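> Take a look and give me a structure for this.
(one chain, ligands or ions: 1)
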Amino acid sequence: MSDQLKITDSRTGKTYDIPIKDGAIRAMDLRQIKVSDDDFGIKSYDPAFKNTASCISRITYIDGDKGILRYRGYPIEQLAEGSTYLEVAYLLINGELPTRAQYEEWEHNIKIHTLLHENTKKFMDGFHHDAHPMGMLVSTVSALSTFYPDAKNISDPESRRLQTYRLIGKMPTIAAFAYRHMMGLPYIYPDNELSYTGNFLNMLYRMTEREYKPDPVLERALDILFILHADHEQNCSANAMRSIGSSQADPYVATAGAAAALYGPLHGGANEKVLRMLNEIGSVDRIPAYIDKVKSGAVRLMGFGHRIYKNYDPRARIIKQTADKVFEVTGRNPLLDIALELERIALEDDYFIERKLYPNVDFYSGIIYQAMGFPTDAFTVLFAIPRTSGWIAQWEEMLNDSEQKIARPQQIYLGADKRDFIPMSDRG
Ligand code: CMC
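Purely as a prediction, here's the structure:
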């Protein structure tokens, strides 16, 4: 006999056997539990999906208690050590690591889509000089939907593949143009002789030189950061991507929606907030007072805590190691001393121990980004570029899953009962 959950409804005395598969029961199996024929049946109530699986996925595995993260079965540590971001993007979307020939074709197809339509530049020029780069990115990715109406053919795998190349290819260009706009600098076109991250650095930082040569240490460090940020299973933005995609909207507007979810300070926007927090603390001797403020509930320790990780985020560990290599080139970021001491004090404090609050991916990434010359406002954009491959992988999986339908949660209605309309003239 298969595993079952026996439920007795105290209202009726009836007993139900609910099948358990893969450690879960199907919420729809609860619907049969009714007090009468016209009763809707039992629903599960789970604000913020704290214990609800919204899909079956084969992309990313996390064991939050043990601090394990794997893409398609491969440990994140091994991918960060031996892979490149574009290879990881292929893995996430296609399920397997590419052969050399497959990789070369993949890289070629992405690189030939790095240019933006010239009208996109005009669109971006319309933003105010101090527009936040995430606002520019979200709007511009969404605008791509109007340039590529063929993207509506979401049931055509060839069309989906083309939009995938375009999205992965154009994200760094949009991000770099947003940065250049912010700095009042001319846009730099892609140089496809360079690697994915090398070209991104070129579009950001090239000035009057004929050829831009990225520093190999910084280029590799950025590639590692991109690998670490590529996917993270059903987080807020992946859920937004799936939810918007479930209405069969095109992938550009769905990606814009996912990026908007990422923008928030509790999600990808946290890297920006960490830097602002470290600047606010200002010096190591002011840390205890800041920790007291966190414990009183006045502020959150940004870059700490996670819905899934109740252990050290494995991405934070790799970022910490990468930071040392970056600082050899850029010089040490003085904020690192504050971050290290903050982490040391927090990890010894009962408040953080009891709540299992550890540094997450955003705690150290901003310190590296700042050392590499990125303005604080641009940090979340650096998260959005690599996460695009994860969003696409989640979207593809959702579209190919015959069980998925338009996302439409239930609610528990506790509002007013039926009442008659009162004309305004009769209202007191
Ligand atoms: N600082 C202080 N207290 C915290 C923090 C924090 N960063 N995070 C959680 N807590 C406390 C919270 O106050 C609560 O305490 P109590 O039980 O006394 O009310 C307890 O820990 C549980 O918190 P929660 O808000 O129920 O946890 P959650 O799973 O809903 O939130 C989180 C997860 C990431 C939103 C939260 O930890 C947080 O706000 N962290 C700071 C923002 C941050 O760094 N976000 C980046 C997440 S990693 C990148 C990504 O994948 O997006």
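
> going forward, measure contacts between C-alpha atoms and count neighbours the same way
Noted.

> So Arg307 belongs to a helix, correct?
No: under DSSP: H, G, I helix; E, B strand; the rest coil, Arg307 falls outside any helix and is assigned coil.

> now the strands for the stretch 51-200 of the chain?
With DSSP state E, counting those that start in this stretch as the criterion, the stretch 51-200 of the chain has strands at 60-63, 68-71, 74-75.

> tell me the most buried of these?
Mean neighbours per residue, mean count of other C-alpha atoms under 10 Å, is largest over the strands of the stretch 51-200 of the chain for strand 68-71, with a mean of 22.

> residues of the longest helix along the chain that come out buried?
For the chain, the longest helix by residue count, based on DSSP state H, is helix 157-183. For helix 157-183, burial by neighbour count (16 or more other C-alpha atoms under 10 Å) applies to 160-161, 163-182.

> repeat for stretch 121-136
Neighbour-count burial for stretch 121-136 flags 121, 124, 127, 132-136 (criterion: 16+ other C-alpha under 10 Å).

> how far does it sit from the chain's center?
22 Å (C-alpha atoms, centre = their mean, to the nearest Å).

> about what we covered before: I'd like the strands of the stretch 51-200 of the chain written out as a markdown table, with mean pLDDT added.
Converted to a markdown table, those look like this (pLDDT from 0 to 100):
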| stretch | mean pLDDT |
| --- | --- |
| strand 60-63 | 97 |
| strand 68-71 | 98 |
| strand 74-75 | 98 |
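
> any chance of those in a markdown table, plus distance to the ligand?
A markdown table is the format used below for the strands of the stretch 51-200 of the chain (distance: least, C-alpha to the nearest ligand atom, whole Å):
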| stretch | distance to the ligand |
| --- | --- |
| strand 60-63 | 12 |
| strand 68-71 | 12 |
| strand 74-75 | 17 |
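
> could those strands go into a markdown table alongside distance to Ala378?
Listed next are the strands of the stretch 51-200 of the chain as a markdown table, based on distance: least, C-alpha to C-alpha, whole Å:
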| stretch | distance to Ala378 |
| --- | --- |
| strand 60-63 | 26 |
| strand 68-71 | 26 |
| strand 74-75 | 28 |
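
> Which one, of the ones you listed, ends up nearest to Ile42?
Evaluated over those, closeness to Ile42 peaks at strand 60-63, with 30.2 Å, by C-alpha to C-alpha.

> Pairing partners for that closest one, with directions?
Here strand 60-63 is paired, per DSSP bridges, with strand 68-71 (antiparallel).

> Take the strand it pairs with, keep the C-alpha atoms, and write them as PDB.
Taking C-alpha atoms only, strand 68-71 is exported to PDB below (Å, rounded to 0.1, in the frame of the first residue of the first chain):
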ATOM      1  CA  ILE A  68      23.600  22.700   0.200                       C
ATOM      2  CA  LEU A  69      22.900  24.200  -3.300                       C
ATOM      3  CA  ARG A  70      23.000  22.200  -6.500                       C
ATOM      4  CA  TYR A  71      22.100  23.100 -10.100                       C
END
